[in-house]
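Peer 1: Fold the stuff below for me.
(chains A and B)
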Amino acid sequence: MLKILFFARVKEELGCAGLDLPWQESVGDLDSLQAQLCREGGARWVEVLGRPNMIRAVNHVVASENTPLHDGDEVAFFPPVTGG
Amino acid sequence: MALSVSVQAEDFDVAALQRQLFSGAHEEGAIACFTGYVRSSSAERAVHGMELEHYPGMTERSISGILAQASERWPLLAASVVHRVGRLVAGDQIVWVGVASAHREAAFSACEFIMDYLKNEAPFWKKEEGPQGAHWVDARSGDQARAARWDDDRRA
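Peer 2: Numbers count the residues shown, from 1 in each chain, chains lettered A, B, ... in the order given. Take a look at the predicted model:
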């Protein structure tokens, strides 16, 4: 299973804080997972997740490029951070 | 060396936090601390308060990583970060960074480095509330430039 999380503006725009996706080889990397989420979510998800400033993290580490995924991974999508 | 990270809803006491940086062996010659506050205006908009969201788990890991980097770069005796989340109002304390070292240069530099990296890397998001309603704060390119300075310093 993959645990998918969304934060801040991304969470609000999708109306979704997160979801669990059964593990399958077809979502074996970040880009494939994003494509799968967009297929299921429709135009709004394509727009929101496709933003150029979207940050993706795998198991709490930011992934600046496409990254292999494994069963049990936690994947998060969020906008640029604004703490401090 | 003592490195500590706390992400919490509760307010904090900067004097108590500063005392906790001391090891008891009196090796500290310098302690530098930074406190960040909620301002009553941002980008020329009035701000009554804000909601601070974070990514539990990644936040602590991210800040711990920044403290570890700082301690590799400067001879630190202790470093600590406290960051609040949840509902905050203008005037509230948001973040505290404290660094202890034998000398002031390492303490000053590490304190600023930690704050610059935290603003760019730790997964917090501010949603400000004002007379026109609530809006998500946009990331500032100036903050990225401040953090990038430290990379330039390292190459130099």
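
Peer 1: Could you give the residue of chain B that lies closest to chain A?
Peer 2: The minimum distance from chain B to chain A, using CB to the nearest CB, falls at B:Phe124 (2.6 Å). C-beta here means a position set from N, CA and C on the backbone, and glycine is covered the same way.

Peer 1: does that residue really touch B:Val85, like I thought?
Peer 2: Yes - counting by CB atoms under 8 Å, B:Phe124 does reach B:Val85; the two are 7.2 Å apart.

Peer 1: The two: which has the busier surroundings?
Peer 2: B:Phe124 (26 against 18; other CB atoms under 10 Å in any protein chain shown).

Peer 1: tell me the pLDDT at the more buried one?
Peer 2: The confidence metric pLDDT takes the value 98 at B:Phe124.

Peer 1: so who does residue 82 touch?
Peer 2: If you meant another chain, say so; for now it's chain A. Residues in contact with A:Thr82 (CB atoms under 8 Å, 6 or more residues apart in numbering or on different chains) are B:Lys119, B:Phe124, B:Trp125, B:Lys126, B:Trp136, B:Val137, B:Asp138, B:Ala139.

Peer 1: not quite, I wanted chain B
Peer 2: By CB under 8 Å, 6+ apart, the neighbours of B:Val82 are B:Ser6, B:Gln8, B:Phe12, B:Leu17, B:Val95, B:Trp96.

Peer 1: Buried members of the residues you listed into ChimeraX, please.
Peer 2: Here is the ChimeraX selection string for the buried members of those, based on 16 or more other CB atoms under 10 Å in any protein chain shown:
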select /B:12,17,95,96
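
Peer 1: near chain A, from the contacts of B:Val82?
Peer 2: B:Val95 (CB under 8 Å from any CB of the partner chain).

Peer 1: Throw the contacts of B:Val82 into CSV and include secondary structure and pLDDT, thanks.
Peer 2: Putting those into CSV (DSSP: H, G, I helix; E, B strand; the rest coil; pLDDT from 0 to 100) gives the following:
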residue, secondary structure, pLDDT
B:Ser6, strand, 98
B:Gln8, strand, 98
B:Phe12, coil, 98
B:Leu17, helix, 98
B:Val95, strand, 98
B:Trp96, strand, 98
